[in-house]
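Chemist: 3D model of this:
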Amino acid sequence: MPPKIRDLITELEKAGFVNCGGKGSHRNFAHPRAQKPITISGKLGDDAKHYQVRAVRLALEELKK
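Modeler: The predicted structure is shown next:
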């Protein structure tokens, strides 16, 4: 079962990403050491799409380097 959007947001915020706002259901998360912001769309209770999960995982791995 895929994680929920709220779970992805929690992971990003724990890693130090900051919500920079967005338009509609889109949220942009930025981190000073990340190359580009991560965009997460959807309601908090929705299942995350596979590309959203992958984007979050790659961003978190980038910070570990």
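
Chemist: Kindly provide the distance from Gly45 to Cys20.
Modeler: Gly45 is 22 Å from Cys20, where distance means Cβ to Cβ, to the nearest Å. Every residue, glycine included, has its C-beta placed from N, CA and C.

Chemist: Comparing those two, which shows the higher neighbour count?
Modeler: Cys20 (11 against 8; other Cβ atoms under 10 Å).

Chemist: Is the more buried one in contact with His26, as I believe?
Modeler: No - assessed by Cβ atoms under 8 Å, Cys20 is found out of contact with His26, at 10.6 Å.

Chemist: show me the contacts for the closest residue in space to Gly21 that isn't next to it in sequence.
Modeler: Sequence neighbours aside, Asn28 is the residue nearest to Gly21 in space, at 6.5 Å (criterion: Cβ to Cβ, 6 or more residues apart in numbering). Contact partners of Asn28, counting by Cβ atoms under 8 Å, 6 or more residues apart in numbering, are Asn19, Cys20, Gly21, Gly22, Pro37, Ile38, Thr39.

Chemist: Now for these, which sits with the most neighbours around it?
Modeler: Among the contacts of Asn28, Ile38 has the most neighbours (other Cβ under 10 Å), with 20 neighbours.

Chemist: Please identify the helix or strand for the residue lying closest to that one once chain neighbours are set aside.
Modeler: The shortest distance from Ile38 to any non-neighbouring residue, by Cβ to Cβ, 6+ apart, is to Phe29 (4.7 Å). Using DSSP states H and E, Phe29 sits in strand 26-30.
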